[in-house]
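Student: okay, structure incoming, though there's no sequence with it:
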C-alpha cells in the first residue's frame, strides 16, 4: 500500500471564510512547521493567499476551476508534480463532495473536514440551498461561524446542524477574535426511561436516528408509535416491517426507515396499512439488517390515520 497522504478539507460557500482560515493555519507554526504542503484551490474568492506570510516555505498551490476537471487522473497528476507531506483542499461550495470523494487517489486520506460559513447568512443559505448545505454539513467535523454576533439564533442553528450531523462541533468566531463553542444540550423530545416510550408523529425521524446511534439504550424498552406497514412474503406470516418514510435533506434523499416487527400469531396486516403499534424492542441479529439491530415484538396494534405530514423529517 502506498504511504497515505493526509488531506485537510475546508468546505463552505463563497465568502464563508475558507481562504482566511487556511491562511491563518499556514501562518501558525503549530500547524505548519515546515511540512511540504500542497494547497488545491477549487474556488476564487475576494481573498488571496499571502504566501510570504506562511511560516513554512515548502508550499505548492494548484488550481482546479471546473468540477468536471476534478478527476482521479487530474488529482493523481497534481500529487505527482510535487513531493508532499500533506494536502489542503479549499473546496468549491457549489460542488457536491461526492465528486471529490469518488475521485480521490487511494493514498489520500481525509484527516479533518472543517466547514466555515458566514454566521449572518447561514440560515438563509440553509433555506435556499438545502441540498448543498446538507452535503457539506453531513461531512464536516467542525462548523466555524465567522463574524458571529450576540443576536445569532443559536437554538435554530443548533437544530439545523444536529438535524444533519449529530457529532459536528459548532464554533462561533466573533470579529474581536473571541471564540465560543456551542454548548446546547441535545434533549430528546421523548422520555427513553418511561415504561412506554411514546413517539409523537413529528418525532419519528429523531427517534429512528437516535436508536441507530445508540442501540443498547433501547434494548428491552417498550415503544409506542404510528407506522406504515410493509410486507415481504419471504419473511413469513408473522413478520412485517413497520416504519416511516424519512427525508433527511430533500426529495431526492427520502428513505424508508423501517423496523422488523414480529407477531405471536399470523397477522393480516397489509402493505400500506397505518397502525398504532406498541412493541418491545430487542437488539438482535436479523438477516434483513445483516447485523445486530432493533427487532420489535408486537404487544398491541390498532389501525390509525396516517400522520400529517406523512413524511418524517428532522424539522
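Tutor: On my side now, so go ahead. Quick caveat, the model's predicted, so the values are computed rather than measured.
Student: in the stretch 1-150 of the chain, which spans are strands?
Tutor: Taking DSSP state E, counting those that start in this stretch to define them, one finds strands in the stretch 1-150 of the chain at 5-11, 37-41, 59-63, 86-90, 108-118, 142-146.
Student: in JSON lines: the ones you listed, plus mean pLDDT.
Tutor: Output for the strands of the stretch 1-150 of the chain, formatted as JSON lines (pLDDT from 0 to 100):
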{"stretch": "strand 5-11", "mean pLDDT": "96"}
{"stretch": "strand 37-41", "mean pLDDT": "94"}
{"stretch": "strand 59-63", "mean pLDDT": "92"}
{"stretch": "strand 86-90", "mean pLDDT": "96"}
{"stretch": "strand 108-118", "mean pLDDT": "95"}
{"stretch": "strand 142-146", "mean pLDDT": "96"}
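Student: would you format the ones you listed as JSON lines with mean neighbour count and distance to residue 190 included?
Tutor: Bear in mind the C-beta positions are built from the backbone N, C-alpha and C, glycine included. Below are those laid out as JSON lines (neighbours: other CB atoms under 10 Å; distance: least, CB to CB, whole Å):
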{"stretch": "strand 5-11", "mean neighbour count": "21", "distance to residue 190": "33"}
{"stretch": "strand 37-41", "mean neighbour count": "22", "distance to residue 190": "45"}
{"stretch": "strand 59-63", "mean neighbour count": "16", "distance to residue 190": "50"}
{"stretch": "strand 86-90", "mean neighbour count": "23", "distance to residue 190": "40"}
{"stretch": "strand 108-118", "mean neighbour count": "20", "distance to residue 190": "30"}
{"stretch": "strand 142-146", "mean neighbour count": "22", "distance to residue 190": "27"}
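Student: put together TSV for those, with distance to residue 25 on each row.
Tutor: Listed next are the strands of the stretch 1-150 of the chain as TSV, based on distance: least, CB to CB, whole Å:
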stretch	distance to residue 25
strand 5-11	8
strand 37-41	10
strand 59-63	12
strand 86-90	8
strand 108-118	9
strand 142-146	12
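Student: quick one: end-to-end distance for stretch 115-131.
Tutor: Here the two ends of stretch 115-131 are set 15 Å apart, with distance taken as CA to CA, to the nearest Å.
Student: buried sites along that stretch?
Tutor: Going by neighbour count (16 or more other CB atoms under 10 Å), the buried part of stretch 115-131 is 115, 116, 117, 118, 119, 122, 123, 125, 126.
Student: thought the second one was touching residue 146?
Tutor: This points to residue 116. Yes: the pair residue 116 / residue 146 is scored as a contact, 6.0 Å apart, by CB atoms under 8 Å.
Student: so what sits against both of these two?
Tutor: Both residue 116 and residue 146 are contacted by 16, 17, 20, under the criterion CB atoms under 8 Å, 6 or more residues apart in numbering.
Student: from these, which land in helices?
Tutor: Assigned to helices by DSSP state H, the following of the shared contacts of residue 116 and residue 146 qualify: residue 20.
Student: just the endpoints, please. Distance across stretch 177-191?
Tutor: First residue to last in stretch 177-191 (CA to CA) measures 40 Å.
Student: wait, stretch 246-257
Tutor: When the termini of stretch 246-257 are compared using CA to CA, they are 6 Å apart.
Student: got a list of what residue 17 touches?
Tutor: Residue 17 sits next to 116, 117, 118, 144, 146, 147, 173 when contact means CB under 8 Å, 6+ apart.
Student: let's go with 7 Å and repeat that
Tutor: By CB atoms under 7 Å, 6 or more residues apart in numbering, the residues touching residue 17 are 116, 146.
Student: equivalent analysis for the one 5 residues further on, please.
Tutor: The neighbourhood of residue 22, defined by CB under 7 Å, 6+ apart, consists of 10, 39, 88, 90.
Student: what's the most distant pair in these?
Tutor: 10 and 39 (9.6 Å; CB to CB).
Student: hey, what's in contact with both of those two?
Tutor: 22, 88, 90.
Student: how far away is residue 312 from residue 199?
Tutor: Distance, residue 312 to residue 199, by CB to CB, to the nearest Å: 10 Å.
Student: more neighbours, those two?
Tutor: For residue 312 versus residue 199, the count of surrounding residues by other CB atoms under 10 Å is larger for residue 312: 23 against 19.
Student: contacting residues around the more buried one?
Tutor: 204, 205, 244, 245, 246, 257.
Student: look at residue 2 and report its pLDDT.
Tutor: According to the prediction, residue 2 has pLDDT 63.
Student: and the nearest residue to residue 227 once chain neighbours are set aside, what element?
Tutor: Nearest residue to residue 227 in three dimensions, chain neighbours excluded: residue 242, at 4.0 Å (CB to CB, 6 or more residues apart in numbering). Here residue 242, judged by DSSP states H and E, is contained in strand 239-247.
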